[in-house]
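Q: model the structure of this input:
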Amino acid sequence: MVGADQAPSDATLDWVRRLIGFDTTSRRSNRALIDAAAEYLGAQGCDMTLTTSDDGAKANLFATLVPSSGQRTGGLVLSGHTDVVPVEGQAWTSAPFTAVLRDRRLYGRGSCDMKGFLGVALALVPAFRGMALKEPVHFALSFDEEVGCIGAPLMIADLAARAVRPRACIVGEPTLMQPVIGHKAIRLFRCRVQGRPAHASLPQEGANAIEYAARIIVFIRGLADSLGSKPRGHDFHPPYTTMSIGQVSGGTAANIVAEHCEFVFEHRSLPDEDDDRIEQAIRSFVSREILPEMRTAYPLADVTLEQLATVPAFAGDALEPFTRLVEELTGASAGYVSYCSEAGQFREIGIPTVICGPGSIEQAHRADEWIALGQLAACERFLIDAVDRVCGNAYHG
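A: Residues are numbered from 1 along each chain as shown. Next comes the predicted model:
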């Protein structure tokens, strides 16, 4: 592997800078970035397919660099998401959507998660074209990974419908260029509580949505503590299923009994966890303990639990030939992470998949997000070697 003091190519730096310049926060469209990538890949001779959100505001791009043989199936997928998390409320020392290079680090939103990997992959297309490829190289750019891997399933379903069967997939999430073959599942929920307003001097006349929401939150916290008291996924950090409340909003004024409250929560579960059991425990608590009491005070009171997203766990195979190939190329043993990606979705349709990309997850989602230049250089070398082995040397893993 390339040493930490090495620098990436100018082409990689140019592409990463360009990608950072697109504000692809998940609430926004990613079409400008996708159009730029499609124009470039089309000029490089790639076949391309778009799959879009229902309103067309967001798109996945699946592009294939076809070898001289004309073969369009098999080969290696280089997969990454185009969306990034918000910057509001974070104390950035530079403009988050303008790449800044200092101290051998490239700063900017998405530099690490994961426009660094995408920039490397795009920059290397001319190098891939110059290789004696026997099988294609595929580029998979997806939308809305940060809010539940929403875009990737549309792209993967399209692959299946078109009978495109890649031989293997690399998901370039930041792993410090260490191979990863497992991550937790995630389910994301919104809970809405409908109560009855009243003057705060007469709380008995109302049904306080905030107070009932708080009781549900306390129950979820207790459920999380119960799961955490029985660690069993010792390949993961932490070694148990976790639950977390991410957002809470409700009420209109201090002197009004709250009519509405809602909160968003998630659980990240080990691959063998019974996710349905966790969800049912929460629904049972609401129907048994919360709703009867609320409706005694106000018959129209209600609690709804809406699943916003679900991402399957990723359970790769340490003995799989592709895993061993990535371990050989990186010089590192495969491990496990607690964050999610589209890796499990590729794996579900039988594509051997490994997560391996530049940068550290510790730098993601925070102010002054950055990626080390040495990591980008290491990723360049790794992808060239991986494409050569899988697409150029008749790899039969």
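
Q: and the nearest residue to residue 52 once chain neighbours are set aside, how many residues sit next to it?
A: On the basis of CB to CB, 6 or more residues apart in numbering, the spatially nearest residue to residue 52 that is not a chain neighbour turns out to be residue 59, at 4.7 Å. All C-beta atoms are positioned from the backbone trio N, CA, C, and that covers glycine. Look at residue 59: counted by other CB atoms under 10 Å, it has 23 neighbours.

Q: same question, the one 10 residues further on
A: One way to gauge burial is a neighbour count; for residue 69, by other CB under 10 Å, it gives 10.

Q: what does residue 261 give?
A: With neighbours defined by other CB under 10 Å, the count for residue 261 comes to 24.

Q: residue 177 reaches residue 381, doesn't it?
A: No. Counting by CB atoms under 8 Å, residue 177 stays clear of residue 381, with 9.4 Å between them.

Q: quick revisit: per-residue pLDDT, the residue nearest to residue 52?
A: In the predicted model, residue 59 carries a pLDDT score of 98.

Q: quick one: the host helix or strand of residue 188 to chain centroid distance?
A: With elements delineated by DSSP states H and E, residue 188 resides in strand 185-194, which encompasses its position. In this view, strand 185-194 has its centroid 18 Å away from the chain centroid, taken as CA atoms, centre = their mean, to the nearest Å.

Q: do the same with stretch 264-273
A: Here stretch 264-273 is found 14 Å from its chain centre; the criterion is CA atoms, centre = their mean.

Q: what's the answer for stretch 200-216, then?
A: Relative to its parent chain, stretch 200-216 has a centroid offset of 37 Å by CA atoms, centre = their mean.

Q: other residues contacting it?
A: For stretch 200-216, contacts defined as CB atoms under 8 Å, 6 or more residues apart in numbering pick out 191, 193-199, 248, 250-251, 254-263, 282, 285-286, 289-290, 293-294, 297-298, 301, 303.

Q: which ChimeraX command selects the buried ones in the residues you listed?
A: Applying 16 or more other CB atoms under 10 Å to the contacts of stretch 200-216 leaves a buried subset, and the ChimeraX line that selects it is:
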select :191,193,194,195,196,197,198,250,251,257,258,259,260,261,262,263,282,285,286,290,294,297,298,301,303
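
Q: which ones among the contacts of stretch 200-216 are found in strands?
A: Among the contacts of stretch 200-216, DSSP state E puts 191, 193, 194, 248, 250, 260, 261, 262, 263, 303 in strands.

Q: can you check the pLDDT for the third one?
A: So that's residue 194. Reading off the per-residue confidence, residue 194 sits at a pLDDT of 98.

Q: related to what we said a few turns ago, max pairwise distance over the ones in strands among the contacts of stretch 200-216: which two?
A: Among the ones in strands among the contacts of stretch 200-216, the pair separated by the greatest distance (CB to CB) is 194 and 248, at 15.5 Å.

Q: could you check how far the closest residue in space to residue 247 that isn't next to it in sequence is from residue 122?
A: Leaving aside its chain neighbours, residue 247 sits nearest to residue 264 (4.3 Å; criterion: CB to CB, 6+ apart). Spatial separation of residue 264 from residue 122 under the definition CB to CB, to the nearest Å is 34 Å.

Q: pull out the buried residues from the longest helix seen in the chain.
A: Within the chain, and with DSSP state H defining each element, the longest helix by residue count is helix 209-228. Residues of helix 209-228 classed as buried under the neighbour-count rule (16+ other CB under 10 Å) are 209-214, 216-217, 219-220, 223-224, 227.

Q: helices and strands around the strand holding residue 188, which ones?
A: Other elements packing on strand 185-194 under the criterion 3 or more CB pairs under 8 Å, 6 or more residues apart in numbering; DSSP states H and E are helix 209-228, strand 260-269, helix 275-285, strand 302-311.

Q: so where do the strands sit in the stretch 1-150 of the chain?
A: If you assign secondary structure with DSSP state E, counting those that start in this stretch, the strands in the stretch 1-150 of the chain sit at 47-52, 59-65, 76-81, 100-102, 105-107, 137-142.

Q: quick one: which of the ones you listed is nearest residue 314?
A: Between residue 314 and the strands of the stretch 1-150 of the chain, the shortest gap by CB to CB is with strand 76-81, which sits at 12.2 Å.

Q: what pairs with the closest one, parallel or antiparallel?
A: According to DSSP bridges, strand 76-81 forms sheet pairs with strand 137-142 (parallel), strand 168-171 (parallel).

Q: got the buried residues for stretch 13-27?
A: Neighbour-count burial for stretch 13-27 flags 13, 15-26 (criterion: 16+ other CB under 10 Å).

Q: tell me what the residue nearest to residue 249 when sequence neighbours are not counted is bridged to.
A: Distances taken as CB to CB, 6+ apart put residue 262 closest to residue 249, at 6.0 Å, once the chain neighbours are dropped. The bridge-partner assignment for residue 262, based on DSSP bridges, gives residue 192, residue 249.
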